[in-house]
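Undergrad: Quick one, fold the following:
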Amino acid sequence: MSDPGNGAAIESLRALRDRPFELLQRLEQRNRGNTSGNTAHASPEREWVGVACRMAGEIFLVAREETREVLGYPTAVTRLPGAKPWVKGLANVRGQLLPMLDLRQFLGSGTTNVGRNTRVIVVNHREVPAGLIVDEVLGFRRFAEREFNVDPPPTVIRCDSYLAGAFRRGGEVWPVLSMKVLVESQSFLQAAG
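TA: Residues are numbered from 1 along each chain as shown. Okay, the predicted model is just below:
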């Protein structure tokens, strides 16, 4: 069955075919009228986006806003004498020197074996430039904010003091690693051997 009011609306739009700007305005008004009824009852849910990475068989999330970029492992890393073993050296990234730090080794979970999946997460921090080496980056993960729980789950890698909670979906738990807390910690800032 056709709506009799719909025919009048179509005729009204046809009358505007020689005035394209007014036609677009009328179409937008009609569209807003149709969609406002659909969204009046449902408020848009806020979304959290993070970068998923793997270290020593465990998966962690890093907030997108705490990540400047993800790089492949650089071909040349210059060792720094006198630095702690988890400081792998400096790399030239587009003309800027960036410290390369083995995140697994810093956390006391062994050394990252550099392979074709190894990635460097560049921390988005104003004062502490850091490229954190991880086993693998799995891409972006999106969660509804209601899936967040402030209680961090137990992890095999000893990183409790750097966890900012976790997202839970179905049977999976995704711990959130706070890059800000990590790079501002005294143990991280004391990289000299």
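Undergrad: Can you pull out the low-pLDDT segments for the chain?
TA: 1-10, 13, 16-17, 19-25, 27-28, 30-43, 193 (pLDDT under 70).
Undergrad: what ranges do the helices span in it?
TA: With helices called from DSSP state H, the chain shows them at 4-14, 20-39, 103-106, 179-184, 186-189.
Undergrad: Okay, residue 132 and residue 120: tell me how far apart.
TA: 7 Å (C-beta to C-beta, to the nearest Å). Glycine gets a C-beta too; all of them are placed from N, C-alpha and C.
Undergrad: before we move on, what about residue 70?
TA: Taken as C-beta to C-beta, the span from residue 70 to residue 120 is 7 Å.
Undergrad: more crowded one of these two?
TA: residue 120 (25 against 16; other C-beta atoms under 10 Å).
Undergrad: Is that one in contact with residue 71, as I believe?
TA: Yes: using C-beta atoms under 8 Å, residue 120 is in contact with residue 71, at 4.4 Å.
Undergrad: residue ranges of the strands in this protein, please?
TA: 47-55, 58-63, 67-72, 87-93, 96-102, 119-123, 131-134, 136-144, 148-149, 163-169, 172-177 (DSSP state E).
Undergrad: closest one to residue 18 among those?
TA: Minimum separation from residue 18 across these (C-beta to C-beta) falls at strand 47-55, 42.9 Å.
Undergrad: Just to check, residue 121 is in contact with residue 67?
TA: Yes: assessed by C-beta under 8 Å, residue 121 is found in contact with residue 67 at 5.8 Å.
Undergrad: Would you mind listing the residues touching both of the two?
TA: In the contact map built from C-beta atoms under 8 Å, 6 or more residues apart in numbering, the residues linked to both residue 121 and residue 67 are 51, 179.
Undergrad: Give me the more crowded residue out of these two.
TA: More crowded of residue 121 and residue 67, by other C-beta under 10 Å: residue 121, with 23 against 20.
Undergrad: What is the neighbour count of residue 99?
TA: 18.
Undergrad: which ones are touching it?
TA: 80, 87, 89, 90, 129, 130, 131, 191.
Undergrad: for the residues you listed, which one is nearest residue 102?
TA: Once C-beta to C-beta is applied, the member of the contacts of residue 99 that ends up nearest residue 102 is residue 87, at 8.0 Å.
Undergrad: From residue 18, how far out is residue 76?
TA: Residue 76 is 65 Å from residue 18, by C-beta to C-beta.
Undergrad: and what of residue 106?
TA: From residue 106 over to residue 18 (counting by C-beta to C-beta), the distance is 69 Å.
Undergrad: Make sure residue 128 is actually in contact with residue 183.
TA: Yes: contact criterion C-beta under 8 Å: residue 128 and residue 183 qualify, at 4.3 Å.
Undergrad: okay, and the common contacts of the two?
TA: Contacts common to residue 128 and residue 183, judged by C-beta under 8 Å, 6+ apart, are residue 189.
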